[in-house]
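Visitor: Predicted model, plus sequence, below.
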Amino acid sequence: MRTRLAIRIHAILEHYFPERRLFLKSDTDTRFIRLKSGTQVLAFAGSAAIIAWAIVATAILLMDSIGSGNFREQAKRDQRTYEARLNVLSGQRDARADEALAAQERFNAALDQISVMQSELLSSETRRRELETGIEVIQTTLRQTMQDREAARAQVTALEDQTENVAALVAANPGAIAPTELLATALAETAKERDQVIADAEDALIKADEMAFQIALMEEQNDQIFRQLEEAMTVSVAPLDKMFRAAGLPTDRIIEQVRRGYSGQGGPLTPLSFSTRSDELSPDTMRANRLLNQMDQLNLYRIAAQKAPFATPVKSAFRFTSGYGYRRDPKTGGRRMHSGVDFAASIGTPIYSTADGVVVHSGWSAGYGRLVKIRHEFGIETRYAHLSKLRVNVGQRVSRGERIGDMGASGRVTGTHLHYEVRVGDKAVNPMIYIKAANDVF
């Protein structure tokens, strides 16, 4: 069976690949090489395999070249788009920074204007009380003058009656001339005193009218000052309240906490009040007290805003490279929580505290690298990671805008940047909430 199969295969090979001889001739001799069918088949198969391999390899290289070229072009287009977007965001950030600076200047100007108006209000209230006191004195003098006038009239009437009686006596007794002259002199002096009392009463009435007119002018000025102060309070307090609510902070509890911390007698938050002559407060006094309470609330908001991280830790040119939330881990390929925002700039860029507080950590911390932690009021903590240099120590009290370190690439990083976190009650929150809330107000 095997012999027949071998013979048949050999016959087929002889048909397609007949035996050939390759002659090699020299000057003195002739030789030949015998190429059997099997040898030809092996040579043909080897040549076909090499040619096929070359074709496949060439096709793979060509396809890879085409694919890598398209990928590089796409990557370049994505990079150009990303850089253009970063430039737009950088321009918007600079515009917001300019707007924030202008808003801060307007806010400071409004506070100065409020202070001036408050001084004018206090001085006008003092002047009004002085005018009221002067009117009371004039009214008392006027009442006394009118009483004196009535007494003088009664005295004149009595003297006239006495004159009539004396005239009757003189007519009865012609020799009594001297008493009549004395009586005439007394009547003349009494009439003069009466005219003087009447003139003094008229002068007092005129002065009372003038004082009433001045009081009316003062009341109109006070009302204008009140309106301006009320408008200024509305413009100043409402944005601050909105800023705290946008950050998710309980405004009532925060204001009460600040009030307790600044409640010393004669301190900046001690409310002012006007004294009155009676137990019942006048409408202007109640209106002034409402304004003073609003000013007190504005001052409390200002102090609270200074103690909360409503600011940006980087003041130099920078760009955002990663936001708050879940993102892909380039090393493991999985998704992990990014509990802050990243600011990229050159190494050594100054990093500033975003609020008043106390440094609770300043040193190395695993993946954070060189890390600064600052504890603020209201249970808020901020973290500044991957620093190249630390400029504060544990226990040091820092203020908003104070330099605490330099930007670097320490710890688990892929480049120079600042990792900035905000934590409330040891729970990470999005720092952009505070940054955007501050940009909307300041």
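Guide: Sure, I can see it. Not measured: the values here are computed from a predicted model.

Visitor: Leu22: what's it in contact with?
Guide: By C-beta atoms under 8 Å, 6 or more residues apart in numbering, the contact list for Leu22 reads Phe32, Ile33, Arg34, Leu35. C-beta here means a position set from N, CA and C on the backbone, and glycine is covered the same way.

Visitor: Mind jotting down where the helices sit in this structure?
Guide: 2-16, 37-172, 178-246, 251-261, 283-307, 431-441 (DSSP state H).

Visitor: State the mean pLDDT of the third one.
Guide: When pLDDT is averaged over helix 178-246, the result is 69.

Visitor: related to what we said a few turns ago, so of the helices of the chain, which one's packed in deepest?
Guide: helix 431-441 (a mean of 20; mean count of other C-beta atoms under 10 Å).

Visitor: What are the buried residues along stretch 341-358?
Guide: 341-345, 349, 351-357 (16 or more other C-beta atoms under 10 Å).

Visitor: pLDDT averaged over that stretch - what is it?
Guide: Stretch 341-358 comes out at a mean pLDDT of 92.

Visitor: before we move on, what about stretch 382-400?
Guide: 94.

Visitor: would you put the C-alpha positions of that stretch in PDB?
Guide: Presented in PDB, the C-alpha positions along stretch 382-400 are these (Å, rounded to 0.1, in the frame of the first residue of the first chain):
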ATOM      1  CA  THR A 382      -6.700  72.900  53.200                       C
ATOM      2  CA  ARG A 383      -3.800  70.800  51.800                       C
ATOM      3  CA  TYR A 384      -1.000  71.900  49.500                       C
ATOM      4  CA  ALA A 385       1.000  68.900  48.100                       C
ATOM      5  CA  HIS A 386       4.000  68.100  45.900                       C
ATOM      6  CA  LEU A 387       5.900  71.100  47.000                       C
ATOM      7  CA  SER A 388       9.600  71.600  46.300                       C
ATOM      8  CA  LYS A 389      10.200  73.700  49.500                       C
ATOM      9  CA  LEU A 390       8.300  74.200  52.700                       C
ATOM     10  CA  ARG A 391       8.300  77.700  54.200                       C
ATOM     11  CA  VAL A 392       6.100  77.200  57.400                       C
ATOM     12  CA  ASN A 393       6.400  75.100  60.500                       C
ATOM     13  CA  VAL A 394       3.800  73.100  62.500                       C
ATOM     14  CA  GLY A 395       1.900  75.300  65.000                       C
ATOM     15  CA  GLN A 396       2.600  78.500  63.000                       C
ATOM     16  CA  ARG A 397      -0.300  80.800  62.500                       C
ATOM     17  CA  VAL A 398      -0.700  82.100  58.900                       C
ATOM     18  CA  SER A 399      -2.800  84.700  57.200                       C
ATOM     19  CA  ARG A 400      -4.600  84.700  53.900                       C
END
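
Visitor: Please point out which parts of it sit buried.
Guide: Counting neighbours by 16+ other C-beta under 10 Å, the buried set in stretch 382-400 is Thr382, Arg383, Tyr384, Ala385, His386, Leu387, Ser388, Leu390, Arg391, Val392, Val398, Arg400.

Visitor: ok, those vs Glu220, which is closest?
Guide: Arg400 (42.6 Å; C-beta to C-beta).

Visitor: Quickly note the distance from that closest one to Arg72.
Guide: Using C-beta to C-beta, to the nearest Å, we find Arg400 at a distance of 47 Å from Arg72.

Visitor: what does Glu14 give?
Guide: 56 Å.

Visitor: before we move on, what about Ala97?
Guide: Taking C-beta to C-beta, one finds Ala97 at 36 Å from Arg72.

Visitor: Over to Val360?
Guide: Taking C-beta to C-beta, one finds Val360 at 48 Å from Arg72.

Visitor: Check Gly348 too.
Guide: Taking C-beta to C-beta, one finds Gly348 at 34 Å from Arg72.

Visitor: Then Pro313?
Guide: 37 Å.

Visitor: repeat for Ser346
Guide: Distance from Ser346 to Arg72, by C-beta to C-beta: 28 Å.

Visitor: cool, and Val392?
Guide: Counting by C-beta to C-beta, the gap between Val392 and Arg72 amounts to 46 Å.
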